[in-house]
Each structure stands twice: as C-alpha cells, then as structure tokens.
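Peer 1: Here's my sequence, what's the structure:
(4 chains)
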Number of protein chains: 2
Amino acid sequence: MAADTRWLSAEEQRAWRAYLESNLLLFDALDRQMQQDSGMPHGYYEILVRLSESPSRAMRMSELASTTRSSRSRLSHAVARLEERGWVERLDCASDRRGQVAHLTDEGFAVLEAAAPGHVEAVRTNMIDRLTPEQIATLAQIGEALLDHLAPGACAPD
Amino acid sequence: MAADTRWLSAEEQRAWRAYLESNLLLFDALDRQMQQDSGMPHGYYEILVRLSESPSRAMRMSELASTTRSSRSRLSHAVARLEERGWVERLDCASDRRGQVAHLTDEGFAVLEAAAPGHVEAVRTNMIDRLTPEQIATLAQIGEALLDHLAPGACAPD
DNA sequence: CCCTTATAGTTGAATGTTCAACTGTCGCGG
DNA sequence: CCGCGACAGTTGAACATTCAACTATAAGGG
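Peer 2: Got it, this is the predicted structure:
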C-alpha cells in the first residue's frame, strides 16, 4: 500500500512547506507576544474572546470546546488555570446537572480588553498587512474549504 | 495606544478565523495520524525528513533547528528522544568542538520510509485534495510572503 | 596569554497538551 | 423504576515545549 502513494508534486510541496513553516513562525510569534504582554498562551486568549462574544459572557463547556476547536480535556485544564487567576468562573448548569458553565468575570473581561490591541497588532504585523486583499480573500476560502472537511457538522447557526 | 487600534475588518476577521480554526484542526489531524501510525509527533517526523534530505543524512544541531523552525532547546530535547529510540545519533563535530551533528540512523531512515506514505496521504486528504490548483498556488505565495517577514535572513541558498 | 563577548548546545523547572480512565447524570427501553 | 448506553466533564500520568540558567568552546582584542 506504500507502493502507490500519491506523492506531492513540486508545486504542492512548495505550498505545503511554505504553509507549514510560516505557520510555525507565525504562531510562535503570536504566542510569544501574548505570553509576554498578557501572561497567557494564545489559546487561552481565544477562550476569553469566545466567552466575551456570548451575550451572557458565559458558555457551556462543550460548546466552548467546540467553538475553540479544542478537546474537552484541554479546555477543562485551561479553564481551571483561568479560574485560578480569577478570569473565569465555573457555575453549575441549571438545566443539566452534568453541565458546567464557564463565565467570564469582570476581571477576565478587563484582561481581555487590555490584551486585544496588542494581539490585533501582532496579527496585522505578522500576517494581514503582509497580504493583498486578494490573498486574504483566497485565504478565507481556503480555510473554509478545509473546515468543511475537518469540522464534522460545525458552523452551528448559533 | 489602545485607542487607535486598527481592528480587523469583517473580511479580515473572516479570513483570520478560518485560517486559525482550520489550522488547529488540520494539525490536530496530522499529529494524531503520525502519533498513532508511527508513535511520534508530527514535528519529530519533520526532523527526520530534514535529516534524510541531507546528502550525509546528518546536520549540525543549529542548522537543523533553523530549517525545522524550532528553538535550540526544543530541538535538543527532541533529538534526545529520537536518540533514545535509536532513530538518530549525536556525534561530535570535527571542526568545532562545541558542535554536535545529528545523524539519521538506518533504523531511523526505515521508520521515516514507513511513516511517509501515511503522512502524505493525510496531507492530501485533509488539505491538498480539498483545494484547487489556483488556491494551492496562492497558498504558496501567502506562505512565502509571511516567511519573508517572519524569517530573519532565511532561505539559505544552500 | 588573559580577558571579554559571542556562539553551540544542554539542562531542569514550570507550563501546556494528550490520552485513557474515571465520576456522575441523562434518557430511554422494558 | 431498573438497567444500560450515551453524554458532560474532570483527573492524573506521560509527554512536549518554553524559559532561563548553565557549560564549554570560539574569536577577537589588549
């Protein structure tokens, strides 16, 4: 079964490697910026962002896990750390006794507000501002094409 | 300085989020495939690939670190693990007594050969085959544009 | 030759992620 | 209302990565 492997063409290799390497460097840069300026990894910031976008600043753990594309376990550990810092609190869910609701605290919201400008700046500097509008449009299409395949029945209509 | 933040436009947000999320899912998938089929993380595979592409199947630690876009520390730990498994060996460098040379063993090469088809298949299934040739070409350009900025004086002409 | 600074690489502690196993609740068929 | 499989979430151990500190050699003055 190894005999009939469809190897990548030269052009495909070139795209794959450029994608792979730029990815590594980009997320290294974003992670370092976030860690230095706000003392948390980039992934934790995303959790705060998602919570802040909910009207009640709260979400069920499962829902939060799926919107942040993280495993339940990862989210559970992450929220535990965020809770230790007082940025998130966990509440029992009224309608389902198994459930937990993660709620962004005022302090957490303040941290998020303080972190956002630096993060956006880093995204711009390292990525958005390096690309043409056409490239950005194509990148959106690419990401969505990949998500169609990778995300089971994602894109919950909210 | 937070007051004049240039926030992302709707289209930029869309591209950034699609990129971010598809990334998470894609590398999760690739990492899981590699871990299950070959018992190593994706990054370790890349180390073996780079070593195999050197004529002597060997590279200086620093050079290996820069081509794999990893920190010295990360590489040092990773090579230590690979050495424990007998896939790589570390040799003293003849011309610089501080230096170490990582050398891909025959066993490591065999592991790499066994891992490659499954990895390529995963890259195809989850990415390449989901995109049009035009999207792939644009992706290469995008990656290279980002690398121009993120990689100091990279692209060593070899 | 000694001193200083830069380079090559490693190490250990702290942190984050993964995996598998676990607790507790829900929902449904009998 | 009992039993059973699915679901929600947590936990601890193993492993990976980061960060800062460290050893050792190199290279260039004075």
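
Peer 1: Contacts only, for A:Arg72.
Peer 2: A:Arg72 makes contact with A:61-62, A:65 under the criterion C-beta atoms under 8 Å, 6 or more residues apart in numbering or on different chains. Every residue, glycine included, has its C-beta placed from N, CA and C.

Peer 1: Do you have the strands of chain A handy? List them.
Peer 2: Using DSSP state E, the strands of chain A run over A:58-60, A:88-92, A:100-104.

Peer 1: returning to that earlier point: quick check on the contacts of A:Arg72: which are buried?
Peer 2: Using 16 or more other C-beta atoms under 10 Å in any protein chain shown as the burial test, these include A:61, A:65 as buried.

Peer 1: Buried residues, stretch A:137-157. List them.
Peer 2: Within stretch A:137-157, the residues that qualify as buried by neighbour count (16+ other C-beta under 10 Å) are A:137-147, A:149-151.

Peer 1: Likewise for stretch A:125-140?
Peer 2: Within stretch A:125-140, the residues scored as buried using 16+ other C-beta under 10 Å are A:126-128, A:130-131, A:135-140.

Peer 1: burial count for A:Ser73?
Peer 2: Residues lying near A:Ser73 (other C-beta atoms under 10 Å in any protein chain shown) number 9.

Peer 1: Give me the nearest residue to the closest residue to DNA strand D within chain A, chain neighbours excluded.
Peer 2: Nearest to DNA strand D, among the residues of chain A, is A:Ser62, at 2.9 Å (C-beta to the nearest atom of the strand). Spatial nearest neighbour of A:Ser62, excluding adjacent residues (C-beta to C-beta, 6 or more residues apart in numbering or on different chains): A:Arg72 at 7.0 Å.

Peer 1: next one: A:Glu107
Peer 2: A:Gly86 (5.3 Å).

Peer 1: For chain A, which segments count as helices?
Peer 2: Remark: helices assigned in chain A by DSSP state H are A:10-38, A:42-53, A:61-67, A:72-84, A:106-126, A:133-150.

Peer 1: Need the ones you listed in a markdown table (columns: mean pLDDT and distance to B:Tyr45).
Peer 2: Listed next are the helices of chain A as a markdown table, based on pLDDT from 0 to 100; distance: least, C-beta to C-beta, whole Å:
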| stretch | mean pLDDT | distance to B:Tyr45 |
| --- | --- | --- |
| helix A:10-38 | 97 | 11 |
| helix A:42-53 | 98 | 23 |
| helix A:61-67 | 97 | 27 |
| helix A:72-84 | 98 | 22 |
| helix A:106-126 | 97 | 26 |
| helix A:133-150 | 97 | 20 |
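
Peer 1: can you put those helices in CSV and add distance to B:Ala110?
Peer 2: Formatted as CSV, the helices of chain A follow (distance: least, C-beta to C-beta, whole Å):
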stretch, distance to B:Ala110
helix A:10-38, 22
helix A:42-53, 36
helix A:61-67, 39
helix A:72-84, 33
helix A:106-126, 39
helix A:133-150, 31
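
Peer 1: roughly how far apart are the residue nearest to A:Ala18 when sequence neighbours are not counted and DNA strand C?
Peer 2: Leaving out its chain neighbours, the residue that sits closest to A:Ala18 by C-beta to C-beta, 6+ apart is B:Gly143, at 2.7 Å. To DNA strand C, B:Gly143 is 22 Å away according to C-beta to the nearest atom of the strand, to the nearest Å.
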